[in-house]
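[1] Structure, please.
(one chain, ligands or ions: 2)
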Amino acid sequence: MLGTKIGIDLGTTSIIANVDGKGIKINEPSVIVYDTFDEKVKAIGSEAYKMLGKTPDSLTAVCPIRDGYIFDYDALEQMMCYFIQKICGNRIFKPNIVACVPSKTNDIEKVTVTDLLISSGAARACVIEEPLAAALGAGVSMKDPEGHLIVDIGGGTTDIAVITRGCVSISDSVDIAGNTFDDDICRFTRRERDTIIGNITAEKVKKQVGAAKFLDAELAVRAVGKDYITKFPKSIELTSTDIFLCIREHLEKITDSVKYLLSRTQPELVADIIKNGMIITGGGANIRGIDDYFRDKFGFNVYCADLPECCVANGLGVVLDDIKILEENGYVFRSYADMNDFEV
Ligand code: ADP
Ligand code: MG
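    Ligands and ions are numbered 1, 2, ... in the order given. Next up is the predicted model:
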């Protein structure tokens, strides 16, 4: 296969690109900023993220992927052109891309995404399921005949899947993830502290002191917003306990979804899961004590993957090392020549 091989995780929060032999070369927020009047692109990725929540009327910030869906294909294509160009420059051979798309993308949309990658500069493109890549990135082998339970807590969705022999046996996706936690932290400060804080601040607080249990040594951080009544600037203290109380009911719902998925999983695979445990990936796995929370709920081993937000991209790296295995498992690369063929 000529041309660089690139794995791209199209996440709600970040776009992460893993280049074969070179590792992760792009890890930038999934944001693009346009001029409101002439719709020219003003910033993409990290630069655009700095403007989020602060754009004047003349600029519009767009997050093309939200709540597990691709909302804006044009914006995504502009982002892909930019990132592919950033990685490949003016190389003669176009790259081959394996991408992961949000879990709610259906088969027709997957074809649209592969075609979008081709129009953005790929020679050939293929899409694989996100939980499969997350499992590979967390160390599960593509050939492992045993069942593994993966819970990927991202920005827009939590994806739950049972993986076996390099395939997704059963999966589900719930709209409760990092962004839900941030929204609830904002709601909490308004309700309990009469203070309005922005989502970016809420996310920072979550990362600094977020916990899924009562910590022995409580953590605290100050956050700045404005008073709900007077609208004057106001600084408040938020603790790990506050964050736990905010997110507890959401973790409960994720627990119920995992239980429901297990209730529909084949008994032999469930037996494997009890033995192998559950793996948490995605940025949400960084929340302090989240493994303890789920271990208490399920009674079997639960562990967080290393560098959880990079598991999908690292899993794509595993696939790039042995690209034949994709074809053996039924995944098909599309090229420019296939673009007018809409058969799925
Ligand atoms: P996606 O795949 O949807 O792009 P990620 O797997 O990158 O999402 O996870 C992003 C989510 O993880 C965001 O909501 C972010 O706030 C959250 N996150 C990242 N780091 C931490 C952390 N240290 N503590 C709590 N949440 C975190
Ligand atoms: Mg993800």
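
[2] mind listing the helices in the chain by residue range?
    46-51, 73-88, 107-119, 130-137, 178-193, 199-209, 240-263, 267-276, 290-298, 311-321, 324-328 (DSSP state H).

[3] List the buried residues of the shortest one.
    Spelled out, that is helix 324-328. Neighbour-count burial for helix 324-328 flags L326 (criterion: 16 or more other Cβ atoms under 10 Å). Just so you know, the C-beta spots here come from the backbone N, C-alpha and C atoms, and that holds for glycine as well.

[4] Residues contacting that helix, please?
    Helix 324-328 has contacts (Cβ atoms under 8 Å, 6 or more residues apart in numbering) with 98, 126, 128, 142, 166, 319, 333.

[5] one more time with 10 Å
    The contact list for helix 324-328 (Cβ atoms under 10 Å, 6 or more residues apart in numbering) reads 1, 98, 126, 128, 142-143, 166, 318-320, 322, 331-333.

[6] list the contacts for the closest residue to E268 other than its chain neighbours?
    Distance criterion Cβ to Cβ, 6 or more residues apart in numbering; nearest residue to E268, sequence neighbours excluded, is G147 at 7.4 Å. G147 makes contacts with 140, 162-165, 169-170, 265-266, 268-276, as judged by Cβ under 10 Å, 6+ apart.

[7] Tell me which of the helices of the chain is the most buried.
    helix 130-137 (a mean of 29; mean count of other Cβ atoms under 10 Å).

[8] Could you check the angle it makes with helix 311-321?
    80 degrees (axes from the mean of the first three to the mean of the last three Cα atoms, to 10 degrees).

[9] picking up where we left off before, closest one of the contacts of helix 324-328 to ligand 1?
    I128 (14.4 Å; Cβ to the nearest ligand atom).

[10] hey, what's the closest one bridged with?
    C100 (DSSP bridges).

[11] Show me which residues of the stretch 101-250 of the chain sit near ligand 1.
    Where the stretch 101-250 of the chain comes near ligand 1, counting by Cβ under 6 Å from any ligand atom, the residues are 154-156, 178-179, 203, 206-207, 210.

[12] of those, closest to C311?
    G154 (10.4 Å; Cβ to Cβ).

[13] so what's that closest one up against?
    9, 11-14, 65, 68, 102-103, 130, 134, 173, 177-179, 281-285, 308-309, 312.

[14] repeat that for 8 Å
    So G154 contacts 11-13, 177-178, 282-284 (Cβ under 8 Å, 6+ apart).

[15] Just put the residues of the stretch 101-250 of the chain next to ligand 1 in JSON lines and tack on pLDDT and distance to G121.
    As requested, these are exported to JSON lines (pLDDT from 0 to 100; distance: Cβ to Cβ, whole Å):
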{"residue": "G154", "pLDDT": "95", "distance to G121": "26"}
{"residue": "G155", "pLDDT": "94", "distance to G121": "25"}
{"residue": "G156", "pLDDT": "92", "distance to G121": "26"}
{"residue": "G178", "pLDDT": "97", "distance to G121": "30"}
{"residue": "N179", "pLDDT": "96", "distance to G121": "30"}
{"residue": "E203", "pLDDT": "97", "distance to G121": "31"}
{"residue": "K206", "pLDDT": "98", "distance to G121": "35"}
{"residue": "K207", "pLDDT": "98", "distance to G121": "33"}
{"residue": "G210", "pLDDT": "98", "distance to G121": "37"}
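
[16] Now that we have the contacts of helix 324-328, which of them are buried?
    98, 126, 128, 142, 166, 318-320, 331, 333.

[17] Looking at those residues, spot the one nearest K25.
    Out of those, the member with the shortest distance to K25 (by Cβ to Cβ) is L320, at 12.5 Å.

[18] Surely the closest one touches D20?
    Yes. With contact defined as Cβ atoms under 8 Å, L320 reaches D20; the gap is 4.4 Å.

[19] Mind listing the shared neighbours of these two?
    5-7.

[20] can the residues of the stretch 101-250 of the chain next to ligand 1 go into CSV with extra columns for distance to ligand 2?
    Formatted as CSV, these follow (distance: Cβ to the ion, whole Å):
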residue, distance to ligand 2
G154, 4
G155, 7
G156, 9
G178, 10
N179, 12
E203, 15
K206, 17
K207, 16
G210, 18
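
[21] Ligand 2 contacts on the stretch 1-150 of the chain?
    Proximity of the stretch 1-150 of the chain to ligand 2, by Cβ under 5 Å from the ion, involves residues G11.
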